[in-house]
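*Asks:* quick one, fold the following:
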Amino acid sequence: MSKGMGHREQISVDNATINDSCIEIMKETFSLSKRLSCGGKLFHVRCCAHILNIMVQHGLKQVKTIVQDVHRTIDYLNGSNIRLKKFAELAQQFNLKERRLVLESKTRWNSTYDMIVFPRLALEDREYAIFPTFEDWGKHEKLVEILEVFYKATMIISGSEYPTSNLFLGEVRRVKKLLDSKSESSDEFVREMVKNMKQRFDKYWGECNLLMCIAVVLDPQIKMPTVEITLLKMYSADVARKNVH
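*Replies:* Predicted structure coming up:
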């Protein structure tokens, strides 16, 4: 999907390899006619929501078995009105927020977040033999804590009733802060889960995204000081100063 900026000099795409090849050809062609601003640094921008999705999908691979158990649990409950009624009674008994038992959509990772924040199922049902262990529920809680940041970021940058481009940089910084802190966790499960996430972050956002910074500067309520502070929190002092300059 292309979006106009100035003289139509910016294009936003997902991370498909064929897109990278096409972009390089287009960039070289436009560069010959000197029609690209800033040496083409603003021409190719990866879809922010798509990158967040990629990072989450790689993190979920670490807990694939656990998530599958929850899938089977929801299938089991949805297979009988009696079971659903029992589940509702338990939820009411423990004053838990009522939620629909909806299975994960393969194309929307945030439905996984919605799915696994269900209360621990302490069902009084002898036929129910899929119940995750206490250890698995503990992993669920750690996963939810991580997914919550991605979920909120995705909802904010996907908004349709307000400008979003000025919000991208702040949300990316929050994701990086989360990944940096969790990558140093004393919990091996957490470290392994965010390892691939962090690798994907570094691949796509390891270098400063100037377009995100420009959007922040153009916001009269934020302006340049926020860019300076944010970049110093995301990159080394030398890299931050260079990009601010």
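
*Asks:* ranges for the strands of this protein?
*Replies:* Per DSSP state E, the chain carries strands over the ranges 2-3, 10-13, 44-46.

*Asks:* quick one: low-confidence ranges for this structure?
*Replies:* Along the chain, segments meeting pLDDT under 70 span 1-17, 31-35, 39-40, 44, 90-91, 94-132.

*Asks:* tell me, how many residues neighbour Leu169?
*Replies:* Residues lying near Leu169 (other Cβ atoms under 10 Å) number 26. In short, each C-beta sits where N, CA and C put it, glycine included.

*Asks:* Trp227 reaches Asp219, doesn't it?
*Replies:* One correction, residue 227 is Val, not Trp. No - Val227 is not in contact with Asp219 according to Cβ atoms under 8 Å; the separation is 10.2 Å.

*Asks:* which of these two has more residues huddled nearby?
*Replies:* Taking other Cβ under 10 Å, Val227 and Asp219 do not tie; Val227 has more neighbours (21 against 14).

*Asks:* quick one, what contacts that one?
*Replies:* Residues near Val227 by Cβ atoms under 8 Å, 6 or more residues apart in numbering: Leu169, Cys213, Val216, Val217, Val244.

*Asks:* got a winner among those residues for most neighbours?
*Replies:* Leu169 (26 neighbours).

*Asks:* that one against Val217, yeah?
*Replies:* No - using Cβ under 8 Å as the test, Leu169 is too far from Val217 to be in contact (9.9 Å).

*Asks:* please point out which parts of the longest helix belonging to the chain sit buried.
*Replies:* Secondary structure of the chain per DSSP state H: the longest helix is helix 134-157. By neighbour count on 16 or more other Cβ atoms under 10 Å, the buried set for helix 134-157 is 136-137, 139-140, 142-143, 146-147, 149-151, 153-154, 157.

*Asks:* same check, this time on stretch 177-194
*Replies:* Across stretch 177-194, burial judged by 16+ other Cβ under 10 Å covers Leu178, Leu179, Lys182, Val190, Met193, Val194.

*Asks:* who's in contact with that stretch?
*Replies:* Against stretch 177-194 from outside (Cβ under 8 Å, 6+ apart): 59, 62-63, 139, 142-143, 146, 149, 195, 197-198, 201, 233.

*Asks:* what about 10 Å?
*Replies:* Identification of contacts with stretch 177-194 by Cβ atoms under 10 Å, 6 or more residues apart in numbering yields 55, 58-63, 135, 138-139, 142-143, 145-146, 148-150, 153, 195, 197-202, 233-234.
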